[in-house]
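K.L.:
what follows is a predicted protein model with its sequence.
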Amino acid sequence: MADATAVTVEDLVAWVHRFSEVIAEHADELTQLDSPIGDADHGTNMRRGCRAAVEALEATGPEDVTGFGRAIAMKLISAVGGTSGPLYGSFFLAFGTAGGATHTLDDAGTVAALRAAVDAVAARGKAEPGDKTMLDALIPAVEAMEASLEAGGSLRDAMAAGTTAAEEGMHATTPMIARKGRASYLGERSIGHQDPGATSSWLLVRSAAETLAA
Amino acid sequence: MADATAVTVEDLVAWVHRFSEVIAEHADELTQLDSPIGDADHGTNMRRGCRAAVEALEATGPEDVTGFGRAIAMKLISAVGGTSGPLYGSFFLAFGTAGGATHTLDDAGTVAALRAAVDAVAARGKAEPGDKTMLDALIPAVEAMEASLEAGGSLRDAMAAGTTAAEEGMHATTPMIARKGRASYLGERSIGHQDPGATSSWLLVRSAAETLAA
Amino acid sequence: MKKLINGTDDVVAEALQGMEQAHPELKINHELKVIVRGDAPVQGKVGVISGGGSGHEPMHGGFVGRGMLDAACPGEVFTSPTPDQMLEATKAVDGGAGVLHIVKNYTGDVLNFEMAAELAQADGIDVASVVIDDDVAVQDSSFTAGRRGVGATVLAEKICGAAAEAGKDLATVTELCERVNAQGRSMGMALTSCTVPAAGKPTFELGDDEMEIGIGIHGEPGRERRPVTTAAEVAKQLVDPILADLPYERGEKALVFVNSMGGTPLIELYILYNEVVKLLAEHGIEIARNLVGPYITSLEMQGASVTLLKLDDEMTGYWDAAVETPALRWGA
Amino acid sequence: MKKLINGTDDVVAEALQGMEQAHPELKINHELKVIVRGDAPVQGKVGVISGGGSGHEPMHGGFVGRGMLDAACPGEVFTSPTPDQMLEATKAVDGGAGVLHIVKNYTGDVLNFEMAAELAQADGIDVASVVIDDDVAVQDSSFTAGRRGVGATVLAEKICGAAAEAGKDLATVTELCERVNAQGRSMGMALTSCTVPAAGKPTFELGDDEMEIGIGIHGEPGRERRPVTTAAEVAKQLVDPILADLPYERGEKALVFVNSMGGTPLIELYILYNEVVKLLAEHGIEIARNLVGPYITSLEMQGASVTLLKLDDEMTGYWDAAVETPALRWGA
Ligand SMILES: Nc1ncnc2c1ncn2[C@@H]1O[C@H](COP(=O)(O)OP(=O)(O)O)[C@@H](O)[C@H]1O
Ligand SMILES: Nc1ncnc2c1ncn2[C@@H]1O[C@H](COP(=O)(O)OP(=O)(O)O)[C@@H](O)[C@H]1O
Ligand SMILES: [Mg+2]
Ligand SMILES: [Mg+2]
Ligand SMILES: [Mg+2]
Ligand SMILES: [Mg+2]
């Protein structure tokens, strides 16, 4: 079972390719979301950074999960900028470190690496669930995956559950008052707007489902 | 005859009062005329300046024609500003200088002072008839007055002839291309608009007819 | 969107090229986007750098030069620069006495500067950081991102740059910077929005009779939308919250900085400054120094901000010290 | 209309009050509206004054100080000042060596300055006048009002102010001013109109995809309306008519002045400057000096102008000389 759904470095590369594609498709929407409660650049930044990450992958071709994580992280950090650059950078750096110097990850290893990645975002940004940030998509997603695996589900089941949870988490940000990031300056006026970072995080999780357990 | 229509300093003061009145009545119209081919301030500037001139006359009470001309000129120059301030200022300064240190002017003296006044405007502004300026009303007016006196007319006849000529001259500016003042920047686009300065000059001549030879 | 630009993606890169042409006294690294003073690194001098999104010109690049910043890292428009830029800037200005990072308090700026500081320290460079958070429009709380860094940044860069130029050590310059931040308060307002080139349309829409009070410098909407009013009333709406947050004793000295958000012309800024002067006089505050002009802007936004810095003699001395940058020059 | 003002009638008076508060080194006569440098009159030095409508800030008041203007007379917004202001300014700066009037070529300005010169001469002050007419957008002809005075005015004020400071006599300073005017050419464009406070609405309306080419500095419409285009193309539309009017040999030196009309921010101005640099390089023109910023503006208008001044060594020397004014400072 685990073997059947083993995640390879090639799958991880496909994940980033797919993420880059959907970010490009949704770039304008992400920037729109970042207008009322931010500075109208989330889509632009993410598109630029993901494109650079894909180019970097094509240039280097990582050998193992750690190398993959580091390559993506460095690119996202230097090409996305803003708040989400270091946060998504931390995500992939931690993913690679947790995944280790290996070419494949089994189901548990994949979800464990995702957990480490999400925890790194929380550590770097010092945000908590309910603060109206990307963590409101990421934390429910990884918790749902863990629960699914725990209940004996396949990676595919886990990923599906994670995607659904991320999407719900993203929608749940709309009524929240932002307490972190730029949107927090608006106080109560941040209510009623979906968080752009939670939206890109949902796309990240969905891309993982499409590529790591398809 | 000459005695019967002698123009006194009091008459001159009445002229300026009357001019100020009609300028106030026509101020919006003058500013409107100054919009398509100018900077939309001719009426505003003239109203402000004429009001100041009237106040100055009330404060000082000039003794002779020279003193009258100087007092009006100084006020118009400092309170109208723009292009028409110095031009109308030159008009009255020259009028007073030509009139001399006397309390009354006879018919010939009155028209001669007006001729000196118009020549001063031409000298100051270096415009010629046909340039679409106040001179297109003033020069025909003073020429008509001179011709009328020459033909044996009274000052009243001369003033009537002058007013008609000023009005015709004002209308004649409409088809002209402006070659002087702000309207000249528009080149051909200045065609089809009556000149605001020629319009205020017609009012100046008409006020003279109403007060100096009534 | 009407702007004097070529492609929206090339705005920052091309503006840097133009800046290099206009200011050959600066060294510009176009690949990493770093603006460095011509004679850097100055041996034995503390390096002072800053950085942040572009669109606030002249801040920060226009403050690079003798007596102020040693380097600046411009990010994309309203987007934090990245750690590789900051690392490069840090290395380029390190004269062996350490480097101070002056960081405006935005999550992105803070996170990126944090990473850069870690990398620089790993390279053996002594780095200190001060996070500027002077914007009283934002409620301060340890549960939130905290106040934004706005106008006090310009003052901190000038004052700390002068202290570094005078040979003060990293601890002293850092402590001074913290003091400027502690004593500085700002509040801003907008009459119009601005348009981020890549977004192509105004970040927010304001009615003909509306203004935003409590804006930041990234075109983000403010604390509140209010009806437009006179300069006198605007001055009050900016000064009152500042004084409520950091009260002054009668006779205390302030540096007053009235800043244009970009599109408000100098003639209006002087009118606003005049009103601020009247208000401060009522409070018995002595205006010891002033700065009036567009120094920390939001693209073409119309609006203004007021910054008050409670001065001590040391700050005043460093404020007066010679400065020679594209945007601020005196006493050279 | 949204502006940081109180009453529309008080704009100029209150801006002058604010300016006085911000610049205690200047003397301001509020009754006559004259801005005079603090140490005027400087005995034995030629006085240099200018003036014109307000709304072009920092010109002219922001150029009053050592090495530039001795005094400036601001009129109402976009309206010529009056001879009594200019006479007062002339008297205030006369140090016995005569006074130069730098006049922008608008009929109103010319006539008022002429009268002021006559009055001053009647008071025994030696006055010379130079009328600046550098705007290539307007057809020049001896039958018309001639070209408008725009960007070259700023350069003439700096260069002649320096010559006067260096002790040159009135004839020399006047000749130099005529030379700057003869060698200077400008062209401007607008992306938006501006709103004269007293009028309350924009002077002209421009569509979202339109710009005006060949504008003056009073919000008057330009020579032509064209579709908005890239900074590169705008640079060409401004530089080409300038070079057609005053061609350069390869290797000749120019001072390049890229100016914001007020609402265009520095980041765009640097992009435009970068394009101007490229164009001039194609023509083999050497950019010996440059000035990039908002120096002769039209209230909050978005747009820019380019001025080229063909430099000789004397002009270059005076350009480099120390200047200490609110808006231009260097080499002090
Ligand atoms: N402290 C934080 N922790 C986690 N996520 C955060 C934090 N602050 C902001 N974010 C996320 O970052 C997103 C904004 O990213 P982006 O627009 O790229 O950065 P910036 O706000 O610097 O322009 C927000 O929508 C939010 O989800
Ligand atoms: N050189 C000139 N000689 C005579 N009259 C002139 C000249 N230039 C302009 N004018 C007159 O001045 C009028 C405009 O006056 P006004 O609007 O008060 O001044 P400005 O153009 O400075 O705003 C024009 O309509 C024209 O009649
Ligand atoms: Mg953003
Ligand atoms: Mg007019
Ligand atoms: Mg951003
Ligand atoms: Mg006018």
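P.N.:
Alright, I've got the coordinates. Residues are numbered from 1 along each chain as shown, chains lettered A, B, ... in the order given. Ligands and ions are numbered 1, 2, ... in the order given.
K.L.:
identify the residues contacting the closest residue to residue C:4 other than its chain neighbours.
P.N.:
Among residues not flanking residue C:4 along the chain, residue D:268 sits closest, at 4.1 Å (C-beta to C-beta, 6 or more residues apart in numbering or on different chains). In short, each C-beta sits where N, CA and C put it, glycine included. By C-beta atoms under 8 Å, 6 or more residues apart in numbering or on different chains, residue D:268 lies in contact with C:3, C:4, C:5, C:15, D:231, D:260, D:304.
K.L.:
how about CSV for those residues, with distance to ligand 1 added?
P.N.:
Listed next are those as CSV, based on distance: C-beta to the nearest ligand atom, whole Å:
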residue, distance to ligand 1
C:3, 20
C:4, 24
C:5, 20
C:15, 19
D:231, 26
D:260, 27
D:304, 29
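K.L.:
now do the helices in the chain.
P.N.:
As the question left the chain open, I've gone with chain A. A:9-37, A:42-60, A:65-79, A:84-99, A:107-125, A:135-150, A:155-172, A:196-212 (DSSP state H).
K.L.:
my question was about chain C
P.N.:
C:11-22, C:83-93, C:107-122, C:152-165, C:170-183, C:231-245, C:266-282, C:313-320.
K.L.:
so which residue of chain C comes closest to ligand 1?
P.N.:
Going by C-beta to the nearest ligand atom, ligand 1 is nearest to residue C:108 of chain C, at 3.2 Å.
K.L.:
contacts only, for the residue in chain C positioned nearest to ligand 6.
P.N.:
Relative to ligand 6, the nearest point of chain C is residue C:267 (17.2 Å; C-beta to the ion). Residue C:267 sits next to D:11, D:12, D:15, D:54, D:55, D:57, D:77, D:299 when contact means C-beta under 8 Å, 6+ apart.
K.L.:
next: residue C:216.
P.N.:
Here residue C:216 is in contact with A:182, A:185, C:135, C:137, C:138, C:148, C:150, C:188, C:222 (C-beta under 8 Å, 6+ apart).
K.L.:
and for residue C:283?
P.N.:
Per C-beta under 8 Å, 6+ apart, neighbours of residue C:283: C:243, C:248, C:250.
K.L.:
how close does the last one get to ligand 2?
P.N.:
Between residue C:250 and ligand 2 the computed distance is 49 Å (C-beta to the nearest ligand atom, to the nearest Å).
K.L.:
can you tell me the closest non-neighbouring residue to that residue?
P.N.:
residue C:284 (3.2 Å).
K.L.:
got a pLDDT number for the one you found?
P.N.:
On the pLDDT scale, residue C:284 is placed at 98.
K.L.:
nearest to ligand 2, of the contacts of residue C:216?
P.N.:
Taking the contacts of residue C:216 together and measuring to ligand 2 by C-beta to the nearest ligand atom, the closest member is residue C:188, at 37.0 Å.
K.L.:
give me the neighbour count for the closest one.
P.N.:
Counted with other C-beta atoms under 10 Å in any protein chain shown, residues neighbouring residue C:188 total 28.
K.L.:
need the contact list for it.
P.N.:
Residue C:188 neighbours (C-beta under 8 Å, 6+ apart): C:135, C:137, C:150-151, C:214-217, C:222, C:238, C:259, C:261, C:303-306.
K.L.:
by proximity to ligand 2, which residue of chain C wins?
P.N.:
residue C:267 (19.3 Å).
K.L.:
what's the answer for chain A, then?
P.N.:
The nearest approach of chain A to ligand 2 comes at residue A:40, 42.9 Å away (C-beta to the nearest ligand atom).
K.L.:
which residues does the closest residue to residue C:262 other than its chain neighbours contact?
P.N.:
Of all residues not flanking residue C:262 in the chain, residue C:297 sits nearest, at 3.7 Å (C-beta to C-beta, 6+ apart). By C-beta under 8 Å, 6+ apart, the contact list for residue C:297 reads C:55, C:56, C:57, C:58, C:59, C:217, C:259, C:260, C:261, C:262, D:265, D:266.
K.L.:
ditto for residue A:136
P.N.:
Taking C-beta under 8 Å, 6+ apart, one finds A:129, A:130, A:169, A:170, A:172, A:173, A:176, A:195, A:198 in contact with residue A:136.
K.L.:
nearest to residue D:274, of those residues?
P.N.:
Taking C-beta to C-beta as the measure, residue A:195 is the one of the contacts of residue A:136 closest to residue D:274, at 37.6 Å.
K.L.:
got the phi/psi numbers for the closest one?
P.N.:
Residue A:195 has phi and psi values of phi -70, psi 130 when expressed as degrees, to the nearest 10.
K.L.:
how about it, what does it touch?
P.N.:
Counting by C-beta under 8 Å, 6+ apart, residue A:195 touches A:33, A:37, A:132, A:133, A:134, A:136, A:170, A:173, A:174, A:176, A:178, A:183.
K.L.:
quick check, the residue in chain C closest to chain B?
P.N.:
Nearest residue of chain C to chain B: residue C:267, at 17.4 Å (C-beta to the nearest C-beta).
K.L.:
quick one: that residue from residue D:327, how far?
P.N.:
13 Å (C-beta to C-beta, to the nearest Å).
K.L.:
OK, now which residue of chain A is nearest to ligand 1?
P.N.:
Relative to ligand 1, the nearest point of chain A is residue A:197 (1.9 Å; C-beta to the nearest ligand atom).
K.L.:
cross-check the contact I'm expecting between that residue and residue A:131.
P.N.:
No. Using C-beta atoms under 8 Å, residue A:197 makes no contact with residue A:131, being 10.5 Å away.
K.L.:
could you check which of these two has the larger neighbour count?
P.N.:
residue A:197 (33 against 24).
K.L.:
what about the nearest residue to that one once chain neighbours are set aside, neighbour count?
P.N.:
Of all residues not flanking residue A:197 in the chain, residue A:134 sits nearest, at 3.7 Å (C-beta to C-beta, 6+ apart). Neighbourhood size, residue A:134 [other C-beta under 10 Å]: 33.
K.L.:
quick one: pLDDT of the residue nearest to residue C:262?
P.N.:
At residue C:297, the pLDDT value in this model is 98.
K.L.:
quick one: the residue lying closest to residue C:145 once chain neighbours are set aside from ligand 6, how far?
P.N.:
Take residue C:145 and drop its neighbours on the chain: the residue closest to it by C-beta to C-beta, 6+ apart is residue A:184, 4.6 Å away. Shown here: residue A:184 relative to ligand 6, a distance of 51 Å by C-beta to the ion, to the nearest Å.
K.L.:
correct me, but residue A:184 touches residue A:190?
P.N.:
Yes. Shown here, residue A:184 and residue A:190 form a contact pair, counting by C-beta under 8 Å, at 7.1 Å.
K.L.:
overlap of the contact sets of those two?
P.N.:
A:132, A:178.
K.L.:
how about the residues of chain C near ligand 5?
P.N.:
With the criterion set to C-beta under 5 Å from the ion, chain C comes near ligand 5 through residue C:79.
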